[in-house]
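[1] model this:
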Amino acid sequence: MGSIKVQKLAKSFGIHSIFKNVTFEIRRGERIGLIGANGAGKSTLLKCLMGEEEYDSGAFIVSEGESVGYLQQDITFDDEVTLKQTITAAWDDVRHLEEQLKLAEKEMQERPDDEMLMNRYARLQERFEWLGGYEYEALSRKIVHGLGFMEEDLDRPVQNFSGGQKTRINLAKALVRRPDYLFLDEPTNHLDMEMLEWLEGYLLSYGGGILIVSHDRYFLDHVATAILELDHGTVTKYKGNYSKYVAQREQQRKALESAYKKQQEHIQETEEYIRKYKAGIKSKQARGRQSQLDRLERIELAPEASTLQFHFAPAEECGQKVLVLDAICGGFGERRLFDHLSLLLRRGESAALIGPNGTGKTTLIRMIMGEKEPVRGHITLGSRVHIGYFAQEHTELHGAWNVLEEIMNAFSYGEDEARSVLGHFLFRGDDVFKSIDSLSGGEQARLALLKLFLQGPNFLILDEPTNHLDIPTREILEQALLDFGGTYLIVSHDRYFLDKITTRTLVLEQKKIKDFLGNYTYYREKEREAAELAAQELAEQEKDKVKASPAAVKSPARAVPAVESRLPFQKKTYGAAQKIAQIEMKIAELEATIKMYEVQMNEPANQIDSAKMMELTNLYEETRLKLDAAYEKWEILSE
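    Reported below is the predicted structural model:
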């Protein structure tokens with residue numbers, strides 16, 4: 001079995017060491033999540049592996065003949081290149097082989113007895129088939145459609161797509177060749193939940209090895225089979241998904257702290273003995289103990305990383321009704337995003353606002369903030385409600401100012417006071433003189449959170465607050481919100497974050513809001529139950545159709561015409577018609593069974609369990625083969 005090996009890799013920028021002695025292996029079927037704080041060097045490590053950055057020492061070994069697909073975090077496209085051209089470019093070598101095959105075919109027509117030419121054609125054909133040449137167009141369309149693009153999108157210039165759509169195009173480029181290994185740098189950025197679930201399902205069915213840089217803990221829980229933590233320049237590998245990593249790391253940390261404490265006590269006792277007896281009658285024993293102490297391998301505890309000191313002031317009291325939406329309608333020009341939305345948010349509630357990209361979540365938030373007027377309806381804030389708003393694009397920050405000026409000007413602080421609060425949010429030393437425009441996405445998010453914290457709101461509206469935040473900072477934000485005591489409404493695609501801090505889920509889709517009194521997982525369970533019920537009802541309807549008119553069953557995938565219309569000039573015998581009716585009933589049952597397996601394969605609990613997913617995949621494939629055989633039998637009998 002092939003593998004990728006990284007051996008003692010090291011990289012520095014000047015005197016600053018990014019990582020050293022990084023060693024690990026990726027095997028086929030492994031899905032490894034690479035995690036670490038912002039600035040730990042995760043993206044740099046991926047770039048070194050892909051040859052975009054030179055590493056200083058070590059080795060990167062890929063088994064002969066193995067291919068690697070790479071999703072970069074940020075990539076630019078040429079202005080006029082279309083989606084179809086972008087995806088087709090991934091198959092340039094296959095298309096070149098296709099041209100060579102066509103030329104060889106022409107030459108064989110002219111020289112049919114040329115044995116060398118026939119052998120060359122056979123080798124080309126074998127290579128073409130091995131690279132997926134006979135199915136590359138179908139596979140490209142499958143990936144592109146699976147990522148939510150329509151047929152009409154294929155001829156659109158890539159630059160005209162949104163940020164989330166460009167992320168999906170990058171994903172399509174990485175996935176379309178089905179390489180032996182995938183390196184994915186923040187693949188969930190800008191994806192809505194429907195696309196996240198599609199990507200999870202795709203990666204779970206992927207047979208190659210995967211290395212994923214991600215801060216999305218829910219995604220890592222569903223997809224990862226191992227976690228690789230990059231911390232203080234070295235890596236440690238843990239078996240299992242993210243939640244198992246957290247438990248293992250906590251156990252290891254406690255065990256190491258206990259061993260460190262015991263060793264320090266032993267060192268202290270030994271040093272005390274040496275001091276006491278080094279000049280007395282036990283000086284020989286004291287020298288022996290000193291020699292033992294010198295040879296002792298010291299246990300080292302890695303220093304705890306600097307973290308934010310972040311908590312909201314106790315929320316001031318406000319009216320019981322915090323936010324009331326009364327039959328509001330809104331959109332852009334002629335395009336109506338939602339109609340007659342009504343909602344009541346009460347004091348102390350923690351609600352998530354979710355839905356596919358483009359359904360109007362940010363537009364609705366802007367209306368609540370008074371930045372945009374609804375076409376119809378009314379929005380009312382309760383008495384003594386003080387809103388704190390975290391904008392996805394950080395529009396509340398002033399790009400030309402530096403960090404210190406941002407705080408001093410916004411809150412009339414002196415320099416010492418501003419430096420003090422900035423230090424709690426990890427802006428120290430010369431960092432406070434950086435311009436806002438020069439800050440990274442994570443740094444801008446931290447500064448926006450600090451301003452929110454200093455405003456002292458009692459109603460928080462947060463639009464994608466975890467974007468660009470590393471996992472430790474997300475955990476601190478979660479705890480701050482749990483301790484907040486006020487009301488908050490959060491737009492986010494971070495399902496782990498929503499599960500931890502929200503107790504109500506508002507789903508904006510098809511111009512309406514669905515209201516679920518629970519967190520994200522509760523909402524998904526209710527949706528799954530509804531889907532299972534719908535599948536059962538559909539199966540019952542199909543069975544009833546077969547019983548009522550067995551010759552008129554129609555499958556959504558393949559239309560089965562009525563018996564009389566199949567061969568109008570031939571009279572079926574009673575026995576043949578009876579067999580056809582039995583097969584059509586069997587087809588209906590098999591299609592209902594396939595729907596049931598599809599529902600089960602989309603359940604989060606099953607997706608975490610690799611053995612269960614393998615079992616369901618096998619059952620699904622067996623049922624699909626039975627369905628194909630049933631259709632073939634039906635076609636033979638019909639003829």
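
[2] what segments of the stretch 1-150 of the chain are strands?
    Ranges of strands within the stretch 1-150 of the chain are 3-13, 16-27, 31-35, 57-62, 68-71, based on DSSP state E, counting those that start in this stretch.

[3] the third one - what's its average pLDDT?
    Along strand 31-35, the predicted confidence averages to a pLDDT of 95.

[4] that strand to strand 16-27, inter-axis angle?
    If you take axes from the mean of the first three to the mean of the last three Cα atoms, to 10 degrees, strand 31-35 sits at 170 degrees to strand 16-27.

[5] mind giving me the packing neighbours of strand 31-35?
    If you count contacts as 3 or more Cβ pairs under 8 Å, 6 or more residues apart in numbering; DSSP states H and E, strand 31-35 packs onto helix 42-49, strand 209-213, helix 217-223, strand 226-231, helix 242-277. Heads up, the C-betas are built off the backbone N, CA and C, glycines and all.

[6] with distance to residue 535 and mean neighbour count added, can I get the strands of the stretch 1-150 of the chain in TSV?
    As requested, the strands of the stretch 1-150 of the chain are exported to TSV (distance: least, Cβ to Cβ, whole Å; neighbours: other Cβ atoms under 10 Å):
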stretch	distance to residue 535	mean neighbour count
strand 3-13	40	17
strand 16-27	37	17
strand 31-35	29	24
strand 57-62	43	14
strand 68-71	34	21
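
[7] now do the closest residue to residue 58 other than its chain neighbours against residue 99, distance only.
    Nearest residue to residue 58, sequence neighbours excluded (Cβ to Cβ, 6 or more residues apart in numbering): residue 9, at 3.6 Å. From residue 9 across to residue 99, the span is 39 Å (Cβ to Cβ, to the nearest Å).

[8] after the host helix or strand of residue 290, which helix or strand is next?
    Assigned by DSSP states H and E, residue 290 belongs to helix 283-295. For helix 283-295, the following helix or strand on the C-terminal side (DSSP H and E) is strand 321-332.

[9] neighbours of the nearest residue in space to residue 486 that is not next to it in sequence, how many?
    Sequence neighbours aside, residue 315 is the residue nearest to residue 486 in space, at 3.1 Å (criterion: Cβ to Cβ, 6+ apart). For residue 315, the neighbour count with other Cβ atoms under 10 Å is 20.

[10] what's the answer for residue 584, then?
    24.

[11] show me what the residue nearest to residue 58 is bridged to.
    Per DSSP bridges, the residues bridged to residue 9 are residue 22.

[12] hang on, it packs against residue 48?
    Yes: under the criterion of Cβ atoms under 8 Å, residue 9 makes contact with residue 48 at 6.6 Å.

[13] overlap in contacts, the two.
    55, 60 (Cβ atoms under 8 Å, 6 or more residues apart in numbering).

[14] if you count neighbours, what's buried in the helix or strand where residue 594 lies?
    Residue 594 is part of helix 574-601 when elements are defined by DSSP H and E. For helix 574-601, a neighbour-count test (16 or more other Cβ atoms under 10 Å) marks 580-581, 583-597, 599-601 as buried.

[15] now stretch 148-156
    In terms of neighbour count (16+ other Cβ under 10 Å), stretch 148-156 has its buried residues at 148-149, 153-154.

[16] in CSV: those, plus pLDDT.
    Output for the buried residues of stretch 148-156, formatted as CSV (pLDDT from 0 to 100):
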residue, pLDDT
148, 79
149, 84
153, 87
154, 87
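
[17] from residue 492, how far out is residue 477?
    11 Å.

[18] actually residue 254, sorry about that
    For residue 254, the distance to residue 492 - Cβ to Cβ - is 32 Å.

[19] next: residue 426.
    Here residue 426 is placed at a distance of 22 Å from residue 492 (Cβ to Cβ).

[20] which of those two has more neighbours?
    For residue 426 versus residue 492, neighbours defined as other Cβ under 10 Å are more numerous around residue 492 (23 against 18).

[21] confidence score at residue 328?
    93.

[22] assess the claim that it and residue 376 are in contact.
    Yes: using Cβ under 8 Å, residue 328 makes contact with residue 376 at a distance of 6.8 Å.

[23] looking at these two, which is more packed in?
    A count of neighbours by other Cβ under 10 Å puts residue 328 above the other of residue 328 and residue 376, at 21 against 12.

[24] which residues does the residue nearest to that one when sequence neighbours are not counted contact?
    The shortest distance from residue 328 to any non-neighbouring residue, by Cβ to Cβ, 6+ apart, is to residue 377 (3.2 Å). Applying Cβ under 8 Å, 6+ apart to residue 377 gives the contacts 325-329, 340-341.

[25] buried stuff in the helix holding residue 290?
    Buried, per 16+ other Cβ under 10 Å, within helix 283-295: 286, 289.

[26] what's it in contact with?
    Contacts of helix 283-295 (Cβ under 8 Å, 6+ apart): 267, 270-271, 273-274, 276-278, 280.

[27] now stretch 272-279: mean pLDDT?
    On average, stretch 272-279 scores 84.

[28] ranges for the strands of the stretch 301-450 of the chain?
    Under DSSP E, counting those that start in this stretch, the stretch 301-450 of the chain gives strands at 321-332, 335-346, 350-354, 376-381, 387-390.

[29] reformat these into CSV and put distance to residue 397 next to each item.
    CSV is the format used below for these (distance: least, Cβ to Cβ, whole Å):
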stretch, distance to residue 397
strand 321-332, 25
strand 335-346, 27
strand 350-354, 23
strand 376-381, 24
strand 387-390, 11
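
[30] return the most buried member of those strands.
    Highest mean neighbour count of the strands of the stretch 301-450 of the chain: strand 350-354, a mean of 23 (counted as mean count of other Cβ atoms under 10 Å).

[31] sketch out the low-pLDDT regions of this protein for me.
    Along the chain, the parts satisfying pLDDT under 70 run over 1, 74-79, 302-308, 546-578, 581, 602-611, 613-614, 638-639.

[32] could you chop it up by domain?
    3-91+133-240, 95-132, 246-295, 321-523, 533-638 (automatic domain parsing).

[33] surely residue 375 touches residue 330?
    Yes: Residue 375 lies in contact with residue 330 (Cβ under 8 Å); the separation is 5.5 Å.

[34] overlap in contacts, the two.
    With Cβ under 8 Å, 6+ apart as the test, residue 375 and residue 330 both reach residue 336.

[35] not counting sequence-adjacent ones, nearest residue to the residue most central in space within the chain?
    For the chain, residue 188 is the residue whose C-alpha lies nearest the centre (Cα atoms, centre = their mean; 3.4 Å). Distance criterion Cβ to Cβ, 6+ apart; nearest residue to residue 188, sequence neighbours excluded, is residue 216 at 4.5 Å.

[36] next, count neighbours for that neighbour.
    By the criterion of other Cβ under 10 Å, residue 216 has 26 neighbours.

[37] go ahead and confirm it touches residue 492.
    No: using Cβ under 8 Å, residue 216 is not in contact with residue 492, being 10.9 Å away.

[38] distance check, the closest residue to residue 387 other than its chain neighbours against residue 351.
    Leaving aside its sequence neighbours, residue 387 sits nearest to residue 459 (Cβ to Cβ, 6+ apart; 5.1 Å). Remark: distance between residue 459 and residue 351 (Cβ to Cβ) = 11 Å.

[39] from the buried residues of stretch 148-156, pick the one nearest residue 407.
    residue 148 (40.7 Å; Cβ to Cβ).

[40] ok, that closest one touching residue 194?
    Yes: assessed by Cβ under 8 Å, residue 148 is found in contact with residue 194 at 7.4 Å.

[41] who touches both of these two?
    Between them, residue 148 and residue 194 share no contacting residue, judged by Cβ under 8 Å, 6+ apart.

[42] what residues are shared contacts of residue 477 and residue 492?
    In contact with both residue 477 and residue 492: 465-466, using Cβ under 8 Å, 6+ apart.

[43] show the end-to-end separation of stretch 108-117, please.
    Using Cα to Cα, to the nearest Å, one end of stretch 108-117 lies 7 Å from the other.
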